[in-house]
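A.B. asks: model this:
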Amino acid sequence: MLTMPATSSFVLRCATAVFAAVLLAGCTGEEAPSPTAAPTTPVASTPAASGSPTEAPTASSTAEPEIEKITTPPAVPVDLKTPGKVGSKAAVEYFVALYGYTLNTGDTSLLRAASTETCDYCRSLADGIDAEFDSGVQTAGDAATINVIRQHEGESTSSEHVWLMELHFAPYETLAADGASVESKGPREETLGLVAAWDGTRWRVADYVDVVELDRSS
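C.D. replies: The predicted model follows:
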């Protein structure tokens, strides 16, 4: 998964860097009022209403919905072979979309094909997923979608474009080979950057960039 220290859940995670996600949220709070003393005047009791007793909710009615595995790969964008910003953005978006499919199926071939041969981050991500599947550990969920994406033009060149993003990750659950739950996590946001490189015929992801805070303004 995109913060990829080598642990069992991989949120497009990087084995060599830690992502610092900044929560820009403020809150105010007040102390709860002291409990009011009970009235001393006796209160007449009211007869209980007749009728059928209300049934307590069952475990099945309150259980969280099961997280389904992602088994269908995203479509390959036609713009991957388009020079310029349109193509590089498509390459980064495709790489992010591949994450959930790769994590859930163990098929790292598409992720590797969407990466350059020199991308250490991409290789670490794919190798980590391969290692988990080889050990019998499997993950369901954790699809990544892009909330915000900005090109960092100051660090981009004609053949390498740096894209900074805030990603949303869906809930996931990781299961051991015996079916026991190893890890689960609810939805969350991560910030990071990816570098798209043009090789003369198409764009591929070539590197990862640490992002501490993302400017969300247009």
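A.B. asks: and the nearest residue to Val209 once chain neighbours are set aside, what's its pLDDT?
C.D. replies: Nearest residue to Val209 in three dimensions, chain neighbours excluded: Gly193, at 3.1 Å (CB to CB, 6 or more residues apart in numbering). For every residue, glycine as well, the C-beta is placed using N, CA and C. Here the pLDDT value assigned to Gly193 is 97.
A.B. asks: next secondary structure element downstream of the stretch of helix or strand Gly193 belongs to?
C.D. replies: Element membership of Gly193, judged by DSSP states H and E, is strand 188-198. Of the helices and strands lying after strand 188-198 in sequence (DSSP H and E), the nearest is strand 203-209.
A.B. asks: could you check the angle strand 188-198 makes with that following strand?
C.D. replies: Put simply, strand 203-209 runs at 130 degrees to strand 188-198, going by axes from the mean of the first three to the mean of the last three CA atoms, to 10 degrees.
A.B. asks: returning to that earlier point: run through the bridge partners of the residue nearest to Val209.
C.D. replies: Counting by DSSP bridges, Gly193 is bridged to Leu164, Val209.
A.B. asks: that one against His152, yeah?
C.D. replies: Yes: if you go by CB atoms under 8 Å, Gly193 and His152 touch, sitting 6.8 Å apart.
A.B. asks: so these two - more neighbours on which side?
C.D. replies: Gly193 (21 against 15; other CB atoms under 10 Å).
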